[in-house]
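**Student:** A predicted structure for the sequence below; I have some questions about it.
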Amino acid sequence: MKKTFLAILVAATLVACAKEDVISQNNEAIGFKQAFVDNSVRSVVDPSLTAATLTDFAVYGTVENADLFNCIRVAQDITNTELTSEWKYAGTQYWIAGAKYNFAAIAPYAKGVEGAFTVAKNGEDYVGTTTLTDYVNDNTDLLYAQNAQVTGAVSGNAKVAFTFKHVLSKVKFSFENGYNASTAKIAVRAIKIVNAYTDADVALNLSGATWSGWNGSKTLDFSHATDGNNDVVDDVVVADAFAYGTTLESYNEMLLIPTTTKTYNIEFVVDLYVNDVLIKEYPHTATVVFAPEAGKSYNITAVVDAENIDPQNKQEPIEFTVTKIDEWATGADQTATIPEGTVQVPGN
């Protein structure tokens with residue numbers, strides 16, 4: 001098995017919180033405010049849902065522990081003349097003064113949400129356990145929101161406002177060209193994690209997500225390192241060749257199931273170019289050990305240089321030295337012949 005000398009590092013960035021401070025007033029129908037999503041910095045192809053890209057979500061709700069909403073789709077494309085907000089649902093429900101309500105939501109609605117979660121009616125562990133195969137296999141962001149218990153007022157009930165959190169982890173790669181040769185460039189392609197989990201069970205509640213039952217193995221394809229421009233030539237996706245001192249990120253970001261510490265097996269290929277001519281291809285294998293957490297975005301970084309570009313050998317710089325300067329050799333004496341009449345006597 002080939003061994004890589006690359007130093008693989010993983011950095012985690014906790015997604016930033018977005019908060020809604022203004023509570024708008026509504027009539028006595030139960031309505032939903034614009035949904036907010038905790039987000040992180042986006043790369044070229046990012047599966048993350050944002051408040052701008054979220055199109056629908058499933059709502060779960062109880063009133064005095066009786067089912068009120070059980071996986072009801074809330075979206076902007078639903079017709080409901082009794083609700084004036086952008087986010088609507090079929091079949092209006094109403095606030096009852098003095099009654100206790102609990103609300104939770106999962107997004108997006110279409111990815112196997114219906115029937116997948118069991119509602120617990122105790123106001124704490126609100127949404128039960130489900131298997132995440134559909135989300136992870138399709139690289140679909142899974143969002144969850146749950147609100148603290150509220151009591152219906154006689155009037156002036158606010159719309160239910162959700163701030164969604166990412167339930168999965170997200171990962172990308174960054175490669176720095178440390179190959180310090182003036183005429184050389186590198187390209188990194190076929191970047192993969194080859195042993196990611198395919199599914200697991202998650203229990204969602206007020207305190208967060210609890211994971212168990214990890215299972216399966218699949219390959220996550222991050223494609224190639226790119227500057228985000230001109231990645232398709234004649235309908236073929238090509239890796240960008242980049243110069244010394246430049247860092248490029250993987251074309252794709254992928255979702256991971258949060259878990260305890262796990263060794264992830266990584267594969268990628270480094271292409272070496274000299275004056276834009278492909279000289280050699282170097283397949284690499286590597287590992288990174290970390291414990292991905294829900295709602296965190298990870299950047300797996302590596303520097304490619306002369307010591308590790310070849311998994312088998314350290315490359316040596318081409319150097320020059322002067323070992324000897326030959327002494328002058330003595331050649332045979334030579335006689336010059338001067339033709340007669342060529343000598344001129346001064347004054348004649």
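**Tutor:** Looks like it came in fine.
**Student:** residue contacts, Glu340?
**Tutor:** The contact partners of Glu340, by Cβ atoms under 8 Å, 6 or more residues apart in numbering, come to none. Placement of C-beta: from N, CA and C, glycine included.
**Student:** Ala90 now?
**Tutor:** Each residue near Ala90 by Cβ under 8 Å, 6+ apart is listed here: Ile72, Arg73, Ile78, Asn80.
**Student:** Need the phi and psi values for Val136.
**Tutor:** Main-chain torsions, Val136, degrees, to the nearest 10: phi -70, psi -40.
**Student:** how many other residues sit next to it?
**Tutor:** By other Cβ atoms under 10 Å, 23 other residues sit near Val136.
**Student:** And it, how far from Asp201?
**Tutor:** Spatial separation of Val136 from Asp201 under the definition Cβ to Cβ, to the nearest Å is 12 Å.
**Student:** Which one of the contacts of Ala90 is nearest to Leu278?
**Tutor:** Arg73 (51.4 Å; Cβ to Cβ).
**Student:** After the helix or strand hosting that closest one, heading C-terminal, what element do we hit next?
**Tutor:** Applying DSSP states H and E as the criterion places Arg73 in strand 66-75. Beyond strand 66-75 in the direction of the C-terminus, DSSP H and E gives the next helix or strand as strand 100-107.
**Student:** what's the average pLDDT for that next one?
**Tutor:** Summarised as a single mean, pLDDT over strand 100-107 is 88.
**Student:** And stretch 285-297, by the same measure?
**Tutor:** pLDDT averaged over stretch 285-297 gives 92.
**Student:** Buried residues, that stretch. List them.
**Tutor:** For stretch 285-297, the neighbour count (16 or more other Cβ atoms under 10 Å) marks Ala286, Val288, Phe290, Pro292, Glu293, Ala294, Gly295, Lys296, Ser297 as buried.
**Student:** Contacts only, for the fourth one.
**Tutor:** Pro292 makes contacts with Ser169, Val171, Leu256, Ile257, Pro258, Thr259, Lys262, Tyr298, as judged by Cβ under 8 Å, 6+ apart.
**Student:** Across the sheet, point out what pairs with Tyr282.
**Tutor:** Here Tyr282 shows beta-bridge partners Val270, assigned using DSSP bridges.
**Student:** Was I right to think it contacts Phe268?
**Tutor:** No: the pair Tyr282 and Phe268 fails to qualify as a contact (Cβ atoms under 8 Å) at a distance of 9.3 Å.
**Student:** re earlier: just the contacts of Pro292: which are in helices?
**Tutor:** Secondary structure from DSSP state H places none of these in helices.
**Student:** would you list these in CSV and tack on distance to Phe242 and neighbour count?
**Tutor:** Listed next are the contacts of Pro292 as CSV, based on distance: Cβ to Cβ, whole Å; neighbours: other Cβ atoms under 10 Å:
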residue, distance to Phe242, neighbour count
Ser169, 27, 21
Val171, 21, 25
Leu256, 26, 22
Ile257, 32, 26
Pro258, 32, 21
Thr259, 33, 17
Lys262, 30, 16
Tyr298, 22, 20
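**Student:** list the helices and strands whatever helix or strand Val188 lives in packs on?
**Tutor:** Per DSSP H and E, Val188 falls inside strand 184-196. Applying 3 or more Cβ pairs under 8 Å, 6 or more residues apart in numbering; DSSP states H and E, one finds that strand 184-196 makes contact with strand 169-177, strand 218-223, strand 225-226, strand 254-256, strand 262-274.
**Student:** mean confidence score for it?
**Tutor:** For strand 184-196, the per-residue pLDDT values average out at 95.
**Student:** and the gap between Lys100 and Gly152?
**Tutor:** As for Lys100, its distance to Gly152 is 8 Å (criterion: Cβ to Cβ).
**Student:** oh, I was asking about Thr163
**Tutor:** Applying Cβ to Cβ, the value for Thr163 to Gly152 is 21 Å.
**Student:** Over to Tyr89?
**Tutor:** In this view, Tyr89 and Gly152 are 18 Å apart by Cβ to Cβ.
**Student:** who's more crowded, those two?
**Tutor:** Counted by other Cβ under 10 Å, Tyr89 and Gly152 do not tie: Tyr89 has more neighbours, with 20 against 17.
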